[in-house]
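S.K.: Generate coordinates for the sequence data below:
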Amino acid sequence: MGAVLPWCLTSAVALLAGCASLAPPDSRLPQTSVPPAWSAQTAADLPATSLAQWWQRFNDPQLTQLVTQALQANTSVRSAQAALQQARAQVDVQAAGLLPSVGASASAQRSRASNSTGNSFQAGFDASWEPDVLGRLRSGVNASQADAQAAEASLADVQVSLAAETAVNYVELRGLQQRLAIARSNLASQQETLQITQWRLQAGLTTSLVAEQARAAAEQTAAQIPALASSLAQSRHNLAVLTGQAPLALDALLAAPAAVPQPAQDLALAIPAETLRQRPDVRAAEQRIAAALARVSQADAARYPDFSISGNLGLRALTLGALGNGGSVVSALLASVSVPVFDGGAARAQVRVQEAALAQARLAYEASVLTALKDVEDTLAALQGDRERLVRLQAAADAAGNADLLARQRYSSGLIDFQSVLETQRTLLSTQDSVAAAVASVSADHVRLYKALGGGWQ
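M.R.: Next up, the predicted model:
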């Protein structure tokens, strides 16, 4: 046995020297060109840390409360946390392979031959160890560690998306409350006009056609109220589920109308390279490249011999008492080398499989970078457009309010016909509703920009 081990080691070393190792894969990240600055840059940039809890910059306690609760109780976050725990446990499983394994065993045997009966008792320890000479086991550990870091980044990505989704739903809810209030205010004004029209009809100063037109206008406005109320209820339900609660759980908390939360004016915009490092999806894609690199090394190492050492140490006796007193000591030690001689090219093919997976991981990283750039630029374009649209709509709403006031005064004096009143009332309702929707859109654009910048996780 003593001569077998040196011969095996000598043969393995000779075989290692004769094997042609593949060229190590490139460990550098793919280069993706990024612009030196965003297309729309704010006057004052904030440090990157201000993106971590961006919702606090809206100065709305209820928004902060809802986002905080969603990050703690949402089922998607808890599922991602469980996936992270699973990935970390897998690292421990892989790391255990680097250490020797020791087991204990005991046996008792009773045999009978002709007129004789005999007992045999045995107890001992078995141990085995696979020296990681070529780094195959270490590469497996590295791959698992990269997977765990990718799972951690995936959890952060879920947090980023969840915080933004909660904030957008909250902004939409407050916007719907404003639009509902506008619809009810305009309905009250139209009902006043309808009352005046009915008085004029009774006095013979107008026709039934005018009265019916006034009633039709009021009913059309009244018909918008149930639709807005339904959308408002659905927004409350969405927020409740996002925060891990039953759909009706937030009805009392969010029943009172409030203004649409407005963000701070000094919105954070960092340079693209810094921003991309904050994006969890980019970080996850980077870790998947690291995992793929480790698996290429692991597959390459599998082409070469495996070394293992095993042994056992135990006691053997004819009686249980004698076993406790020492018995007969039994020991064995075995060193072995497993050398791949012919596998039909399976080992090299497995290396190519992992190299192809590495190429896919690199392309996924490039795609994540490009997607990050596009998300920011798209949101900046939408924000700029909605801001300009809001300015115009506010001016139109002011003019429509003045026109409505003048039209009702002149109609009451009999100076204009009712058709002019109808037109001004429709215009007023439309512009006021559009202003409320645009205010919500601007706030939602800010939320989406914070999300695109990778804010919402620590």
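
S.K.: mind checking the end-to-end distance for stretch 276-284?
M.R.: 12 Å (CA to CA, to the nearest Å).

S.K.: Now do the same for the helix or strand where residue 337 lies: mean pLDDT, whole number.
M.R.: According to DSSP states H and E, residue 337 maps onto strand 328-338. Mean per-residue pLDDT for strand 328-338: 71.

S.K.: where exactly do the strands run in the chain?
M.R.: For the chain, applying DSSP state E gives strands covering 101-113, 116-129, 306-317, 328-338.

S.K.: got JSON lines for these, with distance to residue 416 and mean neighbour count too?
M.R.: Every residue, glycine included, has its C-beta placed from N, CA and C. As requested, these are exported to JSON lines (distance: least, CB to CB, whole Å; neighbours: other CB atoms under 10 Å):
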{"stretch": "strand 101-113", "distance to residue 416": "96", "mean neighbour count": "10"}
{"stretch": "strand 116-129", "distance to residue 416": "99", "mean neighbour count": "14"}
{"stretch": "strand 306-317", "distance to residue 416": "97", "mean neighbour count": "16"}
{"stretch": "strand 328-338", "distance to residue 416": "100", "mean neighbour count": "13"}
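
S.K.: Out of those strands, the one nearest residue 352 is which?
M.R.: With CB to CB as the measure, strand 306-317 is the member of those nearest residue 352 (20.9 Å).

S.K.: pLDDT of that closest one, averaged?
M.R.: 72.

S.K.: what does stretch 353-367 give?
M.R.: According to the model, stretch 353-367 has a mean pLDDT of 92.

S.K.: Run the chain-centre distance for it.
M.R.: In terms of CA atoms, centre = their mean, to the nearest Å, the centre of stretch 353-367 is set 21 Å apart from its chain centre.

S.K.: do stretch 191-209 as well
M.R.: 59 Å.

S.K.: Spell out the residue ranges of the helices in the stretch 251-400 of the chain.
M.R.: Assigned helices in the stretch 251-400 of the chain, in chain order: 272-278, 280-301, 320-324, 346-412 (criterion: DSSP state H, counting those that start in this stretch).

S.K.: ranking these by burial, who's on top?
M.R.: helix 280-301 (a mean of 22; mean count of other CB atoms under 10 Å).

S.K.: Tell me what angle it forms with helix 346-412.
M.R.: Helix 280-301 and helix 346-412 are oriented at 170 degrees to each other (axes from the mean of the first three to the mean of the last three CA atoms, to 10 degrees).

S.K.: Does helix 280-301 pack against any helices or strands, and if so which?
M.R.: helix 136-202, helix 346-412 (3 or more CB pairs under 8 Å, 6 or more residues apart in numbering; DSSP states H and E).

S.K.: what separates the residue nearest the centre of the chain from residue 281, distance-wise?
M.R.: Nearest residue to the geometric centre of the chain (CA atoms, centre = their mean): residue 158, 2.1 Å. Going from residue 158 to residue 281 by CB to CB, to the nearest Å gives 10 Å.

S.K.: cool, residue 221 as well?
M.R.: For residue 221, the distance to residue 281 equals 45 Å [CB to CB].

S.K.: what about this structure, any weak spots by pLDDT?
M.R.: Residue ranges of the chain with pLDDT under 70: 1-27, 32-50, 113-118, 120-121, 265-275, 313-331.

S.K.: which residues touch residue 430?
M.R.: residue 400 (CB atoms under 8 Å, 6 or more residues apart in numbering).

S.K.: Can you tell me how far it is from residue 219?
M.R.: Residue 430 sits 17 Å away from residue 219, going by CB to CB.

S.K.: Please apply the same query to residue 347.
M.R.: Residue 347 is 79 Å from residue 219, by CB to CB.

S.K.: do residue 441 as well
M.R.: For residue 441, the distance to residue 219 - CB to CB - is 29 Å.

S.K.: Who has more neighbours out of the two?
M.R.: Neighbour count, other CB atoms under 10 Å: between residue 441 and residue 219, residue 441 has more, with 22 against 12.

S.K.: pretty sure that one contacts residue 388?
M.R.: No: Residue 441 is not in contact with residue 388 according to CB atoms under 8 Å; the separation is 11.8 Å.

S.K.: what residues are shared contacts of these two?
M.R.: With the criterion set as CB under 8 Å, 6+ apart, the contacts of residue 441 and residue 388 do not overlap.

S.K.: rewinding a little: which ones are touching the residue nearest to the centre of the chain?
M.R.: 76, 77, 80.

S.K.: So the first one sits against residue 163, correct?
M.R.: No: no contact is recorded between residue 76 and residue 163 when judged using CB under 8 Å, the distance being 11.6 Å.

S.K.: coming back round to it: how about the strands of the chain in JSON lines, adding distance to residue 60?
M.R.: Below are those laid out as JSON lines (distance: least, CB to CB, whole Å):
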{"stretch": "strand 101-113", "distance to residue 60": "57"}
{"stretch": "strand 116-129", "distance to residue 60": "60"}
{"stretch": "strand 306-317", "distance to residue 60": "61"}
{"stretch": "strand 328-338", "distance to residue 60": "65"}
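
S.K.: circling back to that earlier point, just name the closest of the contacts of residue 158 to residue 213, please.
M.R.: Of the contacts of residue 158, the one sitting nearest to residue 213 (CB to CB) turns out to be residue 76, at 51.7 Å.

S.K.: Now for that closest one, how many residues are close by?
M.R.: If you count neighbours by other CB under 10 Å, residue 76 ends up with 16.

S.K.: Can you name the residues that contact it?
M.R.: Residues in contact with residue 76 (CB under 8 Å, 6+ apart) are 158, 162.

S.K.: Put together JSON lines for the contacts of residue 158, with distance to residue 417 on each row.
M.R.: Putting the contacts of residue 158 into JSON lines (distance: CB to CB, whole Å) gives the following:
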{"residue": "76", "distance to residue 417": "58"}
{"residue": "77", "distance to residue 417": "61"}
{"residue": "80", "distance to residue 417": "64"}
